[in-house]
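In: Fold the following, please.
(chains A and B)
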Amino acid sequence: MVEILIEKLTKRYGDLVALDNASLQISSGEVFGLLGPNGAGKSTLLKTLVGILKPTSGTVRVDGYDIVQDPEKAKKIIGYLPENPSLYTGLTTQEFLQFVGKIRGVDDDRLDQEISESLKSFSLEEKRNSLIGSLSKGMKQKVAIIATSLHRPEVLVLDEPLTALDPKTRASVKEWIASQTKRGVTTILSTHDLDVAQTHANRIGIIDRGKIIAIGGIESLRKMANAEIDARLEDVFLRLTAESGEEPSKT
Amino acid sequence: MSTPGTLQTIWVLVRYWVKGRFTKTTLFGLLIGEAFSMIFILFGGSTFLSFSNRVGLGTGLSEVAGSLFLAFYLIGLIQSGFNGSGLPVSSSDVDYVFTSPVPPRVVFAAKVLLNSLTTVLVGFPPIFVLYLRFASFYHTPWSTAVLAGLVTLVFLVIGLLLSADITLSLGSGLGKRRKLWRNLFILLVLVLSLLPVTLLIPGIPAGIADVTRILPNGLAATIGVGLVSGASGTLAYLVDLLLLFVWLGGFLMLGIRLSRGHFYELLEVSAPGVEKIDRATETSRLNPRGKSVWSVVRLKERIMISRTREARALFINALFLSGFLVIYALSGSFQSSPTSFLFILFVIGSFGSGTATRWIEKERLWILKTSAVSMRRYVKEVYRARVAPLLLYLTPVTVAVGVPLILSQLAQPSLLLGIILALPGALEIAAVTMAGGMYFASKYGQSAADDILSSQSQELVDIKRFLFQTTISLIMVSPLMLLVLSSEPLAVFFGSASLLLLAAILLTVSIVFTGLILNFLLNRAGDAVSKREDL
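Out: As a prediction, the model looks like this:
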């Protein structure tokens, strides 16, 4: 398994600093929860990590491969689930998964088997030949999840995987995240759902205004926030992000 | 996990992109579109040939017109290149292709190949038909039409590569001064393409026509027309062909060089229902204090038009059209008969439909339908805001064409009447086609929030809409065109003494007709919005 190393990462859009000198180390097999208010820089961090955006400065290494210098090798081991996955609506479910598998270098025989098994486990077999444009939001999310893991990635980057899903789909997505965790996949999980972060993540990082203001397990975050020993993550989060507006915490 | 080769990856990308893009319905729509464009091109080509034959301007005029026509395409691509759309990508590409191990250069190659294939598929049939018409006119073999078509396709691919190269180069210093470079590029293409048109003015040295051979559009037009007119075969044409391929090779090499590194951020991602906004105009201008609901509606629409670059595109197109028509009119080409003006009138008039076709997608239907405003009135106010810039840009064009026309026809009152009617007629046609465009957009356009229609059924709706819109627009504007056509016999019948009265009556009839038809179309558009349930 692999580790992720982010060092002094800065991303600017003109005058706007979306990421400000962010540093982070995620150990092999760890599930890292990334929390932050809307517009804090979570998605920018994840998009830079998966190679969609180019850092203004700083480095991102996945299993030792620099995402700028050696993007192909780094991308081979990453599986990315976008916040609002945009699927090719003109393709059928099977065609879409074949396409994603192919460009990720999955062997033909293994690809067919992988697609069949995944469709079965997400109860999507009947939709194999349906156009993606005709699927419901929950089904599309399941298809996106299958596409994320078709090449058996060693690193998962999940951007708000549970947003706007019905309870049944949420349950199956949570189950899938747990199964990946069991497999020892290094995971970054960006979410607004603090319960999910608390349940699944080994450590949690809080990002606000482009800066990582706190990192640690729930216990250490409580300490950083000077919160009670049984304080909920929500209270800790609110306290830390309120403080960061005044003076960032040292982590 | 295996690593597929470069060619294999390009093949996979193109194959699945084509699969996703060309469903049976889109192919059906494409066929219908092709049929319409072929009819239009045949009509335009035949009118042009008979006209150039009548005034005895020969192939030179065809080369100039072809070069100008292709310059339009080139300017559009230069603009989209500077807007970051030179290499069109969807949000699905961002999510799945950009995050895959496929190198950027392979993505570039696959995108260029896909765009070239699409251009060939869509562009070749009408281009071939046009050249076939020319070949039949000049009595040259049909194979010259095929060759001329292929040369034009090479030009179209050059345009695509130029646009892609411009986008890829935005990461360098070019990006910081993109406005300046864009305007310089457009000006250069415009000046060089329009320069040969001055040949129509007596006394201009003939050598000026060769200037157009510097640009790919001029080269493609010269070779294409030369082939179908039987003038090719000389060394000069061979050099032209060589130069055209030098442009192709040059832009290809430049693209390969520029696509080595990470360029994904430079690309403008197209997402359904999301309009491109001009960020330079990002200041709050909508102050409702003391204003009526309807003036706020109009102001909001004007702000949206300016921020989504619609107004600018309209202005540039009108500028180009007026430049061409002024020189065309100066050459005395319209003097023969006002009926020959009908085609130009239709071209000016058809400006209206394009700007309105997709307006409903820029609306958020739920806001309108949960408010207490009258939909009929709302649509009319939006129309008022949208038609104003259209008429503002087209009026100088029609005046520029009209003044020399009227001056040249003063001695022939019967022809003068047709011209006087045709000039406001062009603006009326533009206004009517815009209202028609808004009606069809209201009835069939898919709103961004629409989750009911699947992509395929929307495509069917688009085809239906296209067919209806074209037919209905023609029916709606045909009385205006008929009025122009009938003016000459009417003037002869009533005599020159009652010409002023006749002009006033016919003008009133056309204005009243336009007013009634606009009211009808906009009421229908308002009713269509009221009936929509796709909130």
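
In: Show me what the helix or strand harbouring B:L427 is packed against.
Out: For B:L427, the enclosing helix or strand under DSSP states H and E is helix B:413-444. The criterion is 3 or more Cβ pairs under 8 Å, 6 or more residues apart in numbering or on different chains; DSSP states H and E, and the helices and strands that helix B:413-444 contacts are helix B:341-349, helix B:351-356, helix B:375-408, helix B:455-494, helix B:499-531. The C-beta positions use only the backbone N, C-alpha and C, and glycine is treated the same way.

In: JSON lines for these, including mean neighbour count, mean pLDDT and distance to chain A?
Out: What follows is the helices and strands packed on helix B:413-444, written out as JSON lines (neighbours: other Cβ atoms under 10 Å in any protein chain shown; pLDDT from 0 to 100; distance: least, Cβ to the nearest Cβ, whole Å):
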{"stretch": "helix B:341-349", "mean neighbour count": "21", "mean pLDDT": "65", "distance to chain A": "34"}
{"stretch": "helix B:351-356", "mean neighbour count": "23", "mean pLDDT": "64", "distance to chain A": "25"}
{"stretch": "helix B:375-408", "mean neighbour count": "19", "mean pLDDT": "84", "distance to chain A": "29"}
{"stretch": "helix B:455-494", "mean neighbour count": "17", "mean pLDDT": "74", "distance to chain A": "4"}
{"stretch": "helix B:499-531", "mean neighbour count": "16", "mean pLDDT": "91", "distance to chain A": "24"}
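
In: Between the ones you listed, which one is closest to B:Y96.
Out: For those, proximity to B:Y96 was assessed by Cβ to Cβ; helix B:455-494 is nearest, at 17.1 Å.

In: Now the phi/psi pair for the residue in the stretch 101-250 of chain B positioned nearest to chain A, please.
Out: With Cβ to the nearest Cβ as the measure, the residue in the stretch 101-250 of chain B that lies nearest chain A is B:P101; the distance is 4.3 Å. For B:P101, the backbone dihedrals are phi -80, psi 10 (criterion: degrees, to the nearest 10).

In: since we're on it, how many residues are nearby?
Out: By other Cβ atoms under 10 Å in any protein chain shown, 22 other residues sit near B:P101.

In: Would you agree it is in contact with A:K76?
Out: Yes. In this structure B:P101 lies within contact range of A:K76 using Cβ atoms under 8 Å: 4.6 Å.

In: Overlap in contacts, those two.
Out: A:104-105 (Cβ atoms under 8 Å, 6 or more residues apart in numbering or on different chains).

In: Spell out the residue ranges of the helices in the stretch 151-251 of chain A.
Out: A:167-182, A:194-200, A:218-224, A:233-244 (DSSP state H, counting those that start in this stretch).

In: Around chain B, pick out the residues from the stretch 151-251 of chain A.
Out: Taking Cβ under 8 Å from any Cβ of the partner chain as the measure of proximity, the stretch 151-251 of chain A contacts chain B at A:H151.

In: Can you give me the neighbour number for the closest residue to A:L97 other than its chain neighbours?
Out: Spatial nearest neighbour of A:L97, chain neighbours left out: A:I115 (4.8 Å); criterion: Cβ to Cβ, 6 or more residues apart in numbering or on different chains. Under the neighbour criterion other Cβ under 10 Å, A:I115 is assigned a count of 23.

In: Helix or strand: which one has A:I115?
Out: Here A:I115 is assigned to helix A:108-121, by DSSP H and E.

In: Next one: the residue of the stretch 101-250 of chain B closest to chain A from B:Y16, what distance?
Out: 16 Å (Cβ to Cβ, to the nearest Å).

In: Give me the phi and psi for whichever residue of the stretch 151-251 of chain A sits closest to chain B.
Out: When distances are taken as Cβ to the nearest Cβ, the stretch 151-251 of chain A approaches chain B most closely through A:H151, which lies 6.3 Å from it. Taking degrees, to the nearest 10, you get phi -90, psi 20 for the backbone angles of A:H151.

In: what about the nearest residue to it once chain neighbours are set aside, distance to B:E381?
Out: The shortest distance from A:H151 to any non-neighbouring residue, by Cβ to Cβ, 6+ apart, is to A:R104 (4.1 Å). Counting by Cβ to Cβ, the gap from A:R104 to B:E381 is 51 Å.
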